[in-house]
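> predicted model follows, preceded by the sequence.
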Amino acid sequence: MVKPIQALARGLTVVNAINNAAGPVSLADLHRVTGIDRATLLRILTTLGQEGWVYRGMGDRLYRLTYKLHELGGQVQIRDAMAQVAAPVLERLQQQLHWPCDISVFDGDSMAIIETSRSRSPFVLNREVIDYRPSMLKSAIGRAYLAYCDDRLRTTILRRLSEQGGEEGRLAKDSVYIERMLSEVRERGYGVRDPSIKSLPSDTEEEFRAIALPILVKGEVQACLSFVWMKSAYPDPDIDQVFYAKLRPGAEELAQLFEQHQLY
């Protein structure tokens, strides 16, 4: 009788556990499901990561199957694949600019942050942002997406917002406000956060600024690259244009990567 390779069996157990989970999983989740001790799990996950089977999110530190394993099941989602592909670009931009970047996608209802380099930043900037859903009409991310998305989709988004009521609903019905906002984004090439937006809870009372660039693949916006910084760190009122010039190559690189991996 041929003796089975126990190390391989444990590795496949971990892959199956990730594939069967409802979403990305933590080390504690895998320990609970598989019963494998944490030290062994770390070695298995490190090996699977090196071999391109498993990816650990930079923003949430959770494990997911890589985009190369779509054939294993539906839990390998396109947004996870985008996050994996984008992570090295986000990390490089953070090293160059020091302040963090995020990648966001439209998930059918609103924009959602799927990856971030905030954990790599020396500055404390609301690091728990994975799946955070900012305002579509006041956030840099939402504005950038609306300015470059398909006309019919934009109409649908604005109709849904108007039906929700509140300030967002009121603004969605204001055609003058919408056209002015969209024109400004297209003229600049990026969205700017409305100063009235309150930041997520953080350890500082500082006011933050943010810009977002559309990531265009085959002429369609697939995601947005955003960048955030403390307003007090830069007195130049035109600093967002300086950051835009430095971020644009990153957005273009992401567009090329998404097209290369057919993430559109």
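Nice, I can see it. Because the structure is predicted, anything quoted here is derived from the model rather than measured.

> parallel or antiparallel, list what pairs with the helix or strand harbouring residue 55.
Here residue 55 sits within strand 54-56, counting by DSSP states H and E. Sheet pairing for strand 54-56, assigned by DSSP bridges, gives strand 63-65 (antiparallel).

> residues contacting residue 214?
144-145, 147-148, 190, 221, 224, 251 (Cβ atoms under 8 Å, 6 or more residues apart in numbering). C-betas here are computed from N, CA, C, even on glycine.

> ok, residues contacting the strand holding residue 55?
Contacts for strand 54-56 (Cβ under 8 Å, 6+ apart): 14-15, 18, 45, 48-49, 62-66, 80, 83-84.

> how about a cut-off of 10 Å?
For strand 54-56, the surrounding residues in contact (Cβ atoms under 10 Å, 6 or more residues apart in numbering) are 11, 14-15, 18, 24, 26-27, 44-49, 62-69, 76, 80-81, 83-85, 87.

> likewise stretch 23-30?
13-14, 17-18, 21, 31-33, 36, 38, 41-42, 44-45, 55-57, 60-65, 75, 77, 80, 83, 130-131.

> pull out the buried residues from it.
Neighbour-count burial for stretch 23-30, counted by 16 or more other Cβ atoms under 10 Å, picks out 24-25, 29-30.

> do the same with stretch 210-221
210-217, 221.

> just the CA atoms of that stretch, as PDB, please.
Extracted in PDB, the C-alpha atoms of stretch 210-221 (Å, rounded to 0.1, in the frame of the first residue of the first chain):
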ATOM      1  CA  ALA A 210      -8.200  62.500  -0.900                       C
ATOM      2  CA  ILE A 211      -8.200  62.200  -4.700                       C
ATOM      3  CA  ALA A 212      -9.200  59.200  -6.800                       C
ATOM      4  CA  LEU A 213      -8.300  58.200 -10.400                       C
ATOM      5  CA  PRO A 214     -10.300  56.000 -12.600                       C
ATOM      6  CA  ILE A 215      -8.700  52.700 -13.800                       C
ATOM      7  CA  LEU A 216      -9.900  52.300 -17.400                       C
ATOM      8  CA  VAL A 217      -9.700  49.000 -19.200                       C
ATOM      9  CA  LYS A 218     -10.900  48.800 -22.800                       C
ATOM     10  CA  GLY A 219     -12.500  52.200 -22.300                       C
ATOM     11  CA  GLU A 220     -14.500  51.300 -19.200                       C
ATOM     12  CA  VAL A 221     -13.900  52.100 -15.600                       C
END
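
> quick one: it to chain centroid distance?
Its chain's C-alpha centre and that of stretch 210-221 lie 13 Å apart, by Cα atoms, centre = their mean, to the nearest Å.

> CA atoms of stretch 257-264 as CSV?
What follows is stretch 257-264, C-alpha atoms only, in CSV (Å, rounded to 0.1, in the frame of the first residue of the first chain):
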residue,chain,number,x,y,z
LEU,A,257,-2.4,44.5,-15.3
PHE,A,258,-6.2,44.1,-15.1
GLU,A,259,-6.4,43.8,-18.9
GLN,A,260,-3.5,41.3,-18.9
HIS,A,261,-5.2,39.1,-16.3
GLN,A,262,-8.7,39.7,-17.9
LEU,A,263,-10.0,41.3,-14.8
TYR,A,264,-12.8,43.3,-16.5
